[in-house]
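[1] here is my input; please provide its structure:
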Amino acid sequence: MCVAFATRLVPLTFSPLPFGIDGFALARISSDIAATGGWRIDPADTNSYNQKLPGFSLLWSAVASLGGLSPLGHVQILMPLLASLAVVPAYLFGVKATGRRLGGFVAGLFIVFFGSFLLLTSSVSKESIGLLVFPVAVLLFLERRDARKRALSVVLLLFLAFLHPLTTLLTLGMTSALVVLAQRRAIARGRFSLRSVAVDVATGPALAIPAWAYYSAVDLPFLADLLAADALVLFLGIVILLTALIAPMARPARLRVGRRFVSPVARGVLVPAIGVLVVLGNARNGLFAGAVGTKSALLEMLPAIGVLAAFAVAGYQLVRRTTNRTNDLAVSMLVAPVALILFGLLRGLDPEGLLILYRSIDFLDYAFAVLIGVAFVAAWRWLGRRRGAKAVLFTGLLAALLATTPMAWNTPAVFGVENVTTPQEFRALALLASFGARNVTTDQRMADVGAMWFGYAMDPSLPLKLRDNESVESFEYALVLERWMTAGAQVHPAPNIVISAGILEAFLAANRVMYVAGPLGNRVFVVQILVQ
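    Residues are numbered from 1 along each chain as shown. Have a look, this model is predicted:
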């Protein structure tokens, strides 16, 4: 737990402010709830989307009020503490799958150090809490023979609807897969019960109905995108196809005499293969139109990711030889994210498809943690008393995990996205607010932070206008970052725009610089634009 907490404190070495722009919106809503004593949805507010999903903000507002904490200043300190608890369900999954603490330790180790998971659970976002809640809900639903655990899973599934729609959809997909697998086995054994099916559906997949009703009532954009006629047909087609594919998986794979054990490997390779093809395709040809391609720093991690994938495929082979609930757990936690990944790929290779795809990938991590734990325990037992070989096995796994950690602490190089907002940048935005500025232009990241926390409208097109030599006379102020000359200005999901030193210096010279802060090379400028 201490290691998990320490690794998630990485963003605090750069800035005490929320890691990721979403944290500013969530902190603003929490602050407003604490100040007014109530929650409301304002359609005209920049943060209206997050107001429609109040789970995070209501909880954080209560905690901050009880503890005398700052909703903005302390959220990045508390989030790592909370997210580090993700080790607990991972450990329980690993122990259940292997029957040994070593399996739980390895599964927890994966969750602690795998770069993508570490990045998301280090940030202040709704999805970060979702990654902690959903495995607990799935684990409780897996143990639904106990009425108390079933009731707790229902409570968590209902809560997820107010936290994060993608997490809700994926968790309901996992519970649906568990129901399909359990009933397929019951039919094969002659124990099918209509009452059992009805109870399982009512306390699992059917909870999509209240979630849908709430999302429809608040007009959530995510729902509109999914329920569009073409998107809905595609999504349902993928769900039906995957349901047909997983139904036979309630039976164990059998190794026949004289034949190789092929089928589970072929299926197990599917998920890593899709991931590799997407990463490589996006690197060469820009698979998603208008979005940044795969960065070289991510490509350099492919060998380490390949080692982890090999462990997962080996673990999948072993799990598929059983009929116990470990098989059901692994399959259900794989199939729901795969359905969303395929939907993101097939609905259209655009920035929104990329968003659905990469946000679904992190929900595979618990399944990978289980499978890697199973494979590691099997290899550990096979090695027997050969301590040197065991040391090599553990060192190799740990090295592969550590090689993926730049995803968390070097996001600009790996993903082309800057998640850090420095105190100097935030003070510049605060200064603009003190001026009563309402007509400000800057880049996308600064515009989003200014709009989310300070509530004023900001234009994110300044880098484009500077690059294309367009007029900025319609604006009153500009916020300029010196790093635009090196790292580029962020216009995510499109590639960063690098502004030449000559253009930036000419712009600063032609207007009035009112505030400068930060170290040389990473300074922030508040500029009053003069009519030319």
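[2] center of this protein - which residue?
    Arg359 (4.6 Å; CA atoms, centre = their mean).
[3] what residues are up against that residue?
    Residues touching Arg359, when contacts are defined by CB atoms under 8 Å, 6 or more residues apart in numbering, comprise 127, 166. For every residue, glycine as well, the C-beta is placed using N, CA and C.
[4] switch to numbering from 5
    That works, and once the first residue is 5, the last one we named lands at Arg363.
[5] how near is it to Val243?
    In this structure, Arg363 lies at 18 Å from Val243, with CB to CB, to the nearest Å as the measure.
[6] just checking, Gly294 touches Pro355?
    Yes. Under the criterion of CB atoms under 8 Å, Gly294 lies in contact with Pro355, with a separation of 5.5 Å.
[7] what touches both of those two?
    When contacts are counted by CB under 8 Å, 6+ apart, Gly294 and Pro355 are jointly contacted by 497-498.
[8] who has more neighbours out of these two?
    The neighbour comparison of Gly294 against Pro355 (other CB atoms under 10 Å) goes to Pro355, with 15 against 12.
[9] phi and psi next, for Ile503.
    When read as degrees, to the nearest 10, the backbone of Ile503 gives phi -100, psi 130.
[10] now do the contacts for it.
    With contacts defined as CB under 8 Å, 6+ apart, the neighbours of Ile503 are 467, 470-471, 488-489, 492-493.
[11] which residue packs closest to it, ignoring adjacent ones?
    The shortest distance from Ile503 to any non-neighbouring residue, by CB to CB, 6 or more residues apart in numbering, is to Trp488 (4.5 Å).
[12] tell me the pLDDT of that neighbour.
    Per-residue confidence (pLDDT) for Trp488: 94.
[13] with Thr17 instead?
    If you check Thr17, the pLDDT there is 60.
[14] please apply the same query to Leu281.
    What the model reports for Leu281 is a pLDDT of 72.
[15] please point out which parts of stretch 496-503 sit buried.
    Under the neighbour-count criterion of 16 or more other CB atoms under 10 Å, stretch 496-503 has 496-497, 499-501, 503 buried.
[16] from those, which two are the most distant?
    Pro497 and Ile503 (19.3 Å; CB to CB).
[17] ok so, going back, tell me which of the contacts of Ile503 is nearest to Gly71?
    Ala493 (37.5 Å).
[18] how near is the closest one to Ile503?
    7 Å.
[19] got any residues that touch both of the two?
    Shared contacts of Ala493 and Ile503, defined by CB under 8 Å, 6+ apart, comprise Pro467.
[20] check which element follows the worst-scoring helix or strand of the chain on mean pLDDT along the chain.
    Within the chain, confidence by mean pLDDT, DSSP states H and E is lowest for helix 6-11 among all helices and strands, at a mean of 53. Proceeding C-terminally, helix 6-11 gives way to helix 26-40 as the next helix or strand, assigned by DSSP states H and E.
[21] what helices and strands are in contact with that next one?
    Packed against helix 26-40, as judged by 3 or more CB pairs under 8 Å, 6 or more residues apart in numbering; DSSP states H and E, are the following elements: helix 52-55, helix 59-71, helix 79-87.
[22] pLDDT on that helix, on average?
    This predicted structure assigns helix 26-40 an average pLDDT of 94.
[23] can I get the CA coordinates of that helix in PDB?
    What follows is the C-alpha trace of helix 26-40 in PDB, where atoms were taken according to Å, rounded to 0.1, in the frame of the first residue of the first chain:
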ATOM      1  CA  ASP A  26     -10.800  17.700 -15.400                       C
ATOM      2  CA  GLY A  27      -9.700  18.200 -11.800                       C
ATOM      3  CA  PHE A  28     -10.400  21.900 -12.000                       C
ATOM      4  CA  ALA A  29     -14.000  21.400 -13.100                       C
ATOM      5  CA  LEU A  30     -14.600  18.800 -10.300                       C
ATOM      6  CA  ALA A  31     -13.000  21.000  -7.700                       C
ATOM      7  CA  ARG A  32     -15.000  24.000  -8.900                       C
ATOM      8  CA  ILE A  33     -18.300  22.100  -8.600                       C
ATOM      9  CA  SER A  34     -17.200  20.700  -5.100                       C
ATOM     10  CA  SER A  35     -16.400  24.300  -4.000                       C
ATOM     11  CA  ASP A  36     -19.800  25.600  -5.200                       C
ATOM     12  CA  ILE A  37     -21.600  22.700  -3.400                       C
ATOM     13  CA  ALA A  38     -19.800  23.500  -0.200                       C
ATOM     14  CA  ALA A  39     -20.500  27.200  -0.500                       C
ATOM     15  CA  THR A  40     -24.200  27.000  -1.400                       C
END
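[24] which residues touch it?
    Taking contacts as CB under 8 Å, 6+ apart, the residues outside helix 26-40 that touch it are 21-22, 43, 50-51, 54-55, 58, 60-62, 64-65, 68-69, 75-76, 79-80, 127-130, 425, 452-453, 456-457, 459.
[25] model confidence for Glu509, exactly?
    92.
[26] which strand or helix spans it?
    With DSSP H and E as the criterion, the answer for Glu509 is helix 505-514.
[27] go on, Val99?
    Here Val99 sits within helix 91-102, counting by DSSP H and E.
[28] just to revisit the earlier point, outside of the helix holding Glu509, which residues touch it?
    Outside helix 505-514, the residues within contact range by CB under 8 Å, 6+ apart are 470-471, 473, 482, 484, 486, 488-489, 529, 531, 534, 536.
[29] how about low-confidence regions in the stretch 5-154 of the chain?
    Using pLDDT under 70 as the threshold, the predicted model of the stretch 5-154 of the chain has low-confidence ranges 5-17.
[30] quick check: Phe439 vs Ser478, distance?
    With distances defined as CB to CB, the gap from Phe439 to Ser478 amounts to 17 Å.
[31] comparing these two, which residue is more hemmed in?
    When neighbours are counted by other CB under 10 Å, Phe439 and Ser478 differ, and Phe439 comes out ahead with 15 against 11.
[32] now that one. Nearest residue, chain neighbours left out?
    Among residues not flanking Phe439 along the chain, Tyr481 sits closest, at 7.1 Å (CB to CB, 6+ apart).
[33] is it true that that neighbour touches Leu534?
    No. In this structure, Tyr481 sits apart from Leu534 without contact. The criterion is CB under 8 Å, and the distance is 11.0 Å.
[34] between the two, which is the more surrounded one?
    For Tyr481 versus Leu534, the count of surrounding residues by other CB under 10 Å is larger for Tyr481: 21 against 9.
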